[in-house]
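Peer 1: Please work out how this folds:
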Amino acid sequence: MDAPDFDAIKQEIEFSTARSSGPGGQHVNKVNSKVILKWNVGQSRVLNEDQKNLLMAKLHSKLSKEGMIVLSSQQSRSQTENKEEVIQKLNLLIRKAFTRKKKRKPTKPTKTSVLKRAKEKKSKSEKKKWRQKPDH
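Peer 2: Residues are numbered from 1 along each chain as shown. Just a heads-up that it's a prediction; the model follows:
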């Protein structure tokens, strides 16, 4: 399944701002530099039903009860930088959800490694045999 067009998803995103926590001096109490991103996966018009189900399944821990993804960023003092960072977080989440895992190919141990293991087991057992008390 292909990933949806992220530019189309950007149209459905809601942004809000808040005051960042942590130190910052006198200026921190006046500026809303924390950016909060909200996107409703269940109500999205960009995604088809299969894509919605896949995102709901893979991102279930990040979704609210209403099917909203809520991400925030307060790394930077700049609101625009935080907005860009939160958009990147969402893009990464979506891309990661739509990437397929590589199928594992079952392998057998090589003949040499099997022989080596047997030889090591034999030498260990002989070593332990020498430590035992002799039977009378």
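Peer 1: Check the gap between K52 and S76 for me.
Peer 2: Distance, K52 to S76, by Cβ to Cβ, to the nearest Å: 32 Å. Bear in mind the C-beta positions are built from the backbone N, C-alpha and C, glycine included.
Peer 1: now do K103
Peer 2: According to Cβ to Cβ, K103 and S76 sit 40 Å apart.
Peer 1: Of the two, give the one with the bigger neighbour count.
Peer 2: Shown here are K103 and S76; by other Cβ atoms under 10 Å, S76 has more neighbours (16 against 5).
Peer 1: For my notes, confirm that one occurs in a strand.
Peer 2: No. If the criterion is DSSP: H, G, I helix; E, B strand; the rest coil, then S76 is coil and not within a strand.
Peer 1: Thought V35 was touching it, still the case?
Peer 2: No. With contacts counted by Cβ atoms under 8 Å, S76 stays clear of V35, the gap being 9.4 Å.
Peer 1: So which residues make contact with stretch 62-79?
Peer 2: Applying Cβ atoms under 8 Å, 6 or more residues apart in numbering, the contact partners of stretch 62-79 are 17-18, 20-22, 24, 31-43, 56, 59, 81-83, 85-86, 89-90, 93.
Peer 1: Report the buried members of these.
Peer 2: 17, 20, 33-39, 41, 59, 82-83, 85-86, 90, 93 (16 or more other Cβ atoms under 10 Å).
Peer 1: And the helix or strand harbouring I36, how far out from the chain middle?
Peer 2: Counting by DSSP states H and E, the element that carries I36 is strand 34-40. Distance of strand 34-40 from the chain centroid (Cα atoms, centre = their mean, to the nearest Å) equals 18 Å.
Peer 1: Stretch 38-54 now?
Peer 2: For stretch 38-54, the gap between its own C-alpha mean and the chain's C-alpha mean amounts to 19 Å (Cα atoms, centre = their mean).
Peer 1: go on, stretch 62-73?
Peer 2: Centroid displacement of stretch 62-73 relative to its chain, using Cα atoms, centre = their mean, is 14 Å.
Peer 1: can you give me the mean pLDDT across it?
Peer 2: Averaged across stretch 62-73, pLDDT comes to 88.
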